[in-house]
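**Student:** Structure of the sequence below:
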Amino acid sequence: MPTDAEEVPEEAPVGVRAGRSSAAGSAAEKSLRVLEAVAVPGGPHRLTDVAAAAAVPKSSAFRILASLIGQGFVRQEPESRYGVGPRLRALSALVDGGEPAGIGRVLGELQRATGQTVHLALHSGEAITYIRKLEGDQPFRTASRVGMRMPLHSTAIGKGVLAHLPAGEVADLVAATGLPRRTPNTLTTPQALTAQLEAVRSRGYALDDEENEPTIRCIGAAVLGPSGRPVGGVSVTTVTFLVPREEIVSFSPALRAAAEALAPLL
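**Tutor:** Numbering: from 1, shown residues only. This next block holds a predicted model:
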């Protein structure tokens, strides 16, 4: 009987020794190499290219990518290609503050125009992930943070994203996640959510009126990619005891302008 170090799995890539001490590496090392391969410039990348760059079999790369997609580190793109996900972008922002030129300027202008907290989030699967946060001028701080994943149905950015997805895809998401109640104001039926998404499309922005967190009211707009599909969104967050509903709605022109300016940057 061969030892573990001598065993060669059936799917071992050509030219790579298998085993715990081999160049193939541990499961964690393979996952990191796959993540690095996805992040190589020029993406989104095909599965074959990711597997080759990471030096792992396609079957292993596929399983690793499925896990990374579920965690938000990788995003599956059309034509079975794989790109950088929102949690990886958030991690990058935490490490060095790196971001495409112009994003900080756009968010700063929105924060100065409203005086309130501004969030930028990316969409991945069943959630959004905050990648930037600018605190407002008010004497309070919200509990949100960069890297936090938030639901779609109860947040302003999330509802902005849902409003620009095909109806069938929205139905699939609702079936997968349900509509859990987070506050007494949360929309918990598909009918109520559908009606609100129609309103979002009509007026160009979404409202979270204490639906995700008590005393917190947000206005959000989707940031659309070249095909019109939402890649994320931007929002302005206020507290209900300081900013009335009418005032936050008045921020909608500045919010929509920011979402349009962010589109080519994301």
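**Student:** among the helices and strands of the protein, which has the poorest mean pLDDT?
**Tutor:** Across the helices and strands of the chain, mean confidence by mean pLDDT, DSSP states H and E is lowest for helix 86-96: a mean of 68.
**Student:** how far does the next helix or strand after that one sit from the chain's center?
**Tutor:** Where DSSP states H and E defines the elements, the next helix or strand beyond helix 86-96 is helix 103-114. Centroid separation between helix 103-114 and its chain, computed with Cα atoms, centre = their mean, to the nearest Å, is 20 Å.
**Student:** Which strands or helices does helix 103-114 pack on?
**Tutor:** Applying 3 or more Cβ pairs under 8 Å, 6 or more residues apart in numbering; DSSP states H and E, one finds that helix 103-114 contacts strand 117-124, strand 127-134, strand 230-239, helix 252-262. No exception for glycine: its C-beta is placed from N, CA and C like everyone else's.
**Student:** got the angle for the first one vs strand 230-239?
**Tutor:** Strand 117-124 runs at 150 degrees relative to strand 230-239, counting by axes from the mean of the first three to the mean of the last three Cα atoms, to 10 degrees.
**Student:** related to what we said a few turns ago, for Pro44, which of the helices and strands packed on helix 103-114 is the nearest?
**Tutor:** Distance to Pro44, taken as Cβ to Cβ, is lowest for strand 230-239 among these, at 12.3 Å.
**Student:** What's the mean pLDDT across that closest one?
**Tutor:** Across strand 230-239, the average pLDDT comes to 95.
**Student:** Packing partners of that strand?
**Tutor:** helix 103-114, strand 117-124, strand 127-134, helix 156-163, strand 216-224, helix 245-249, helix 252-262.
**Student:** mind giving me CSV with these and columns for mean pLDDT?
**Tutor:** Shown next, in CSV, are the helices and strands packed on strand 230-239 (pLDDT from 0 to 100):
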stretch, mean pLDDT
helix 103-114, 94
strand 117-124, 92
strand 127-134, 90
helix 156-163, 98
strand 216-224, 97
helix 245-249, 96
helix 252-262, 97
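**Student:** Tell me which of those sits most buried.
**Tutor:** Comparing the helices and strands packed on strand 230-239 by mean neighbour count (mean count of other Cβ atoms under 10 Å), helix 156-163 ranks first with a mean of 28.
**Student:** Which strands and helices lie in contact with that helix?
**Tutor:** Helix 156-163 sits against strand 117-124, strand 127-134, strand 149-151, helix 190-203, strand 206-209, strand 216-224, strand 230-239, with contacts defined as 3+ Cβ pairs under 8 Å, 6+ apart.
**Student:** how about Val231, what does it touch?
**Tutor:** Leu122, His123, Val223, Leu224, Gly225, Leu266 (Cβ atoms under 8 Å, 6 or more residues apart in numbering).
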